[in-house]
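1. sequence plus predicted model, see below.
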Amino acid sequence: MAHIEVGRLTYVLPDGRPLLNEVSFRVGEGVKAALVGPNGAGKTTLMRLIAGDVRPVEGSVASSGGLGIMRQFIGSIRDDRTVQDLLLSVAPERVREAAHKLGETELAMMERDDEKTQMRYAQAITDFTDAGGYDIEVLWDTCTMAALGAPYDNVKYREVNTLSGGEQKRLVLEALLRGPDQTLLLDEPDNYLDVPGKLWLEQALRETPKTVLLVSHDRQLLANAADRIVTVESGNVWVHGGGFATYAAARRERNERLDELRRRWDEEHAKIKRLVVMLKQKAMYNDGMAPAYHAAQTRLRRFEEAGPPEEAPKDQLISMRLRGGRTGKRAVICEGLELTGLMRPFDLEIWYGERVAVLGSNGSGKSHFLRLVAGEEVRHTGVARLGARVVPGHFAQTHARPELQGRTPCEIVMKEHARLKNEAMKALARYELAGSIAEQRFETLSGGQQARLQILLLELSGATLLLLDEPTDNLDLASAEALQDGLDQFDGTVLAVTHDRWFAADFDRYLVFGADGRVYEAPEPVWDEARVARER
């Protein structure tokens, strides 16, 4: 039986802050449960606790059926692993261990080809075979054909950093959904997938008999694929037994019920305290009232020891003040631009104040295009230049910001933008990044908190051209709505790569990177550009 069971789990962050307090829930066999909640509430930490990556202060985690895990961040532009390494990282433990030993003996054979080494090599091959290593490579061939359009043998030594974020996600998802593990943990599996990829994922989740616990902020995917909603907020967990369509109403009713219970508790608390005060006064003049007074004291003590009911979580209040500034009429000019091997040459003019969404299949060059416009080194021919007074600000798709590692949000804002600590904390507070979060290292922030910090840095940088690469992927609903409001007020130009159907609806123009290498404009969002299978 494939299941996940969490019992009275408590977790405290390394700095001593409590994150999860005695949370309990169960995901039964074949159930597709979505883990939702505000950025930083503990969704990824809870997934890591279930995966065994970190240990709780107390409580227990149990699972069955083998555990396949997709973590929130798979790779980055600096990831030097190969496709083979990536697939091994999500293979069953027995296969991983056998592959590691086989790799070691292969290296030993290259250095010393004696009889003892040959015997070790032969045994390693046998162990790899017995572990199912060669069988799983047959499965991987199917996965690479589906995700990359090429056989496994052709791409297994290809570096992960040459794949787009969507290609990395699709490859790992193919391996997990087709693999032997019957219980899956998927942390934001839809991030960086194009819309056809998201539709594929929704169907695959509906059809698989496996038990799945996933984290996602995509409302359409949640509505189409999840039959349970597990909410993490204010250190607690509660489960909505229906789908996402009824979740908002259920959460609202729950919060109203919690508010009512707290109101009644406060009223009863005040009533008992008044009774104690009254009986105390009477006992001062009448010894016969002493027993009643002591009984009331005992009742008050027990009432307070039991504590108040759970408090309804507060809604997030995020205010993004993206200002921008006036630039020349033409913000971006492309003439005969071709990113080597990714697209045909194209011309483009983007005018001041326009909102341009860049759409298309994974691997078609969208992120590379944004990096080129941002001023990074990207192989190309033709011209891509910025207009007068255009200051680009780049939001990176994979949050690969090594210059921010080891520093806190407060330190980053103070150093990067010459802000006093008081000013920095005020700015962070508008993004729900103040308090203890402001003193955490960048790499310890949740994906959504990292995304909000990046947007704040864009705000403070004075950028007049926002280059946003999948900005809503890690943002919870409240943060995504705040970003939309901020962009509505932004006095500048926006060029955004997105696969978010809700986010794209507000843009003026749609630049489509076609699967055949053609770059063209469309009057409405185009989501059905199928990727052309090709060997690389």
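-> Perfect, I can see it now.

2. other residues contacting the helix or strand where Val494 lies?
-> Val494 is part of strand 493-497, with elements assigned from DSSP states H and E. When contacts are defined by Cβ atoms under 8 Å, 6 or more residues apart in numbering, strand 493-497 is touched by residues 324, 327, 331-332, 350-359, 366-367, 369-370, 373, 390, 397, 464-471, 487, 503, 507. C-betas here are computed from N, CA, C, even on glycine.

3. could you dump stretch 2-9 to PDB, C-alpha only?
-> Taking Å, rounded to 0.1, in the frame of the first residue of the first chain, the C-alpha atoms of stretch 2-9 are listed here in PDB:
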ATOM      1  CA  ALA A   2       1.400   3.400  -1.000                       C
ATOM      2  CA  HIS A   3       0.700   6.100   1.600                       C
ATOM      3  CA  ILE A   4       2.200   9.000   3.600                       C
ATOM      4  CA  GLU A   5       1.400   9.500   7.300                       C
ATOM      5  CA  VAL A   6       2.600  12.500   9.400                       C
ATOM      6  CA  GLY A   7       2.000  12.300  13.100                       C
ATOM      7  CA  ARG A   8       2.400  15.200  15.600                       C
ATOM      8  CA  LEU A   9       5.400  16.600  13.700                       C
END
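
4. measure how buried the closest residue to Ser461 other than its chain neighbours is and give me the count.
-> Take Ser461 and drop its neighbours on the chain: the residue closest to it by Cβ to Cβ, 6 or more residues apart in numbering is Gly393, 5.2 Å away. Gly393 sits with 22 neighbouring residues when counted by other Cβ atoms under 10 Å.

5. buried stuff in the helix or strand Asn154 falls within?
-> Assigned by DSSP H and E, Asn154 belongs to helix 152-155. Neighbour counts over helix 152-155 (16 or more other Cβ atoms under 10 Å) mark Tyr152, Asn154, Val155 as buried.

6. same question for stretch 103-123.
-> Thr105, Ala108, Arg120, Tyr121.

7. from the chain's centroid, how far away is the helix or strand encompassing the last one?
-> Yep, that's Tyr121 we're talking about. For Tyr121, the host element (DSSP H and E) is helix 115-130. Taking Cα atoms, centre = their mean, to the nearest Å, one finds the center of helix 115-130 at 41 Å from the center of the full chain.

8. ok, residues contacting whichever helix or strand comes after it?
-> Proceeding N to C from helix 115-130, the next assigned helix or strand is helix 133-148, under DSSP H and E. Helix 133-148 is touched from outside by 83, 87, 91-92, 95, 98-99, 102, 128, 150-156, 163, 167, 170-171, 174-175, 178-180, 533, 536, with contacts defined as Cβ under 8 Å, 6+ apart.

9. next one: stretch 278-291
-> Ala292, Tyr293, Ala296.

10. now the terminal residues of it, how far apart.
-> Separation of the first and last residues of stretch 278-291 by Cα to Cα, to the nearest Å is 13 Å.

11. average pLDDT across that stretch?
-> Per-residue pLDDT over stretch 278-291 has a mean of 89.

12. please identify the buried residues of that stretch?
-> Of all the residues in stretch 278-291, those buried under the rule 16+ other Cβ under 10 Å are Leu279, Ala283, Met289.

13. from Ala270, how far off is the last one?
-> Think Met289. Distance check for Met289 against Ala270: by Cβ to Cβ, to the nearest Å, it reads 21 Å.

14. in ChimeraX, how would I select the buried members of the contacts of stretch 278-291?
-> Filtering these down to the buried ones (16+ other Cβ under 10 Å) takes a single ChimeraX command:
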select :293,296
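
15. ok, of the contacts of stretch 278-291, which one's closest to Ala245?
-> Taking Cβ to Cβ as the measure, Ala245 sits nearest to Ala296 out of these, at 49.1 Å.

16. which among the contacts of helix 133-148 end up buried?
-> If we count by 16+ other Cβ under 10 Å, these have these buried: 83, 87, 91-92, 95, 98-99, 102, 128, 150, 152, 154-156, 163, 167, 170-171, 174-175, 179-180.

17. now, those residues that are in strands?
-> Of the buried ones among the contacts of helix 133-148, none are assigned to strands by DSSP state E.

18. next step: the residues you listed restricted to helices.
-> 83, 87, 95, 98-99, 102, 128, 152, 154-155, 167, 170-171, 174-175 (DSSP state H).

19. show me the contacts for the nearest residue to Gly68 once chain neighbours are set aside.
-> Nearest residue to Gly68 in three dimensions, chain neighbours excluded: Asp181, at 3.4 Å (Cβ to Cβ, 6+ apart). Going by Cβ under 8 Å, 6+ apart, Asp181 touches Gly65, Gly66, Leu67, Gly68, Pro92, Lys210.

20. what's the span of stretch 512-523, first residue to last?
-> End-to-end distance of stretch 512-523 (Cα to Cα): 10 Å.

21. so which residues make contact with that stretch?
-> With contact meaning Cβ under 8 Å, 6+ apart, stretch 512-523 is reached by 342-344, 346, 348, 358-361, 364-366, 369, 509-511, 526, 529-532.

22. in that stretch, what's buried?
-> Val512, Phe513, Gly514, Ala515, Gly517, Val519.

23. do the same with stretch 471-490
-> 471-476, 478-480, 482-483, 486-487, 490.

24. helices - which of those residues land there?
-> Going by DSSP H, the helices hold Ala478, Ser479, Ala480, Ala482, Leu483, Gly486, Leu487 from those.

25. show me which of those has the smallest pLDDT value.
-> If you rank these by pLDDT, Ala478 sits at the bottom with 78.

26. tell me the spacing between it and Asp153.
-> 46 Å.

27. ok so, going back, would you list the buried residues of stretch 278-291 in TSV and tack on distance to Phe73?
-> Listed next are those as TSV, based on distance: Cβ to Cβ, whole Å:
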residue	distance to Phe73
Leu279	61
Ala283	65
Met289	67
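
28. from these, which is closest to Glu253?
-> Among those, and counting by Cβ to Cβ, the member closest to Glu253 is Leu279, at 38.9 Å.

29. nearest residue to that closest one in space, please, no chain neighbours.
-> With Cβ to Cβ, 6+ apart, the residue lying closest to Leu279 is Tyr293, at 4.0 Å.

30. quick check: the one you found touching Val276?
-> Yes. The criterion here is Cβ atoms under 8 Å, and Tyr293 meets it with Val276 at 7.2 Å.

31. and of the ones in helices among the buried ones among the contacts of helix 133-148, the nearest to Arg263?
-> Arg170 (49.4 Å).

32. what residues are up against that closest one?
-> Applying Cβ under 8 Å, 6+ apart, the residues near Arg170 are Ala146, Ala147, Leu193, Gly197, Asn362.

33. repeat the analysis, applying 7 Å as the threshold.
-> Arg170 makes contact with Ala147, Leu193, Gly197, Asn362, according to Cβ atoms under 7 Å, 6 or more residues apart in numbering.
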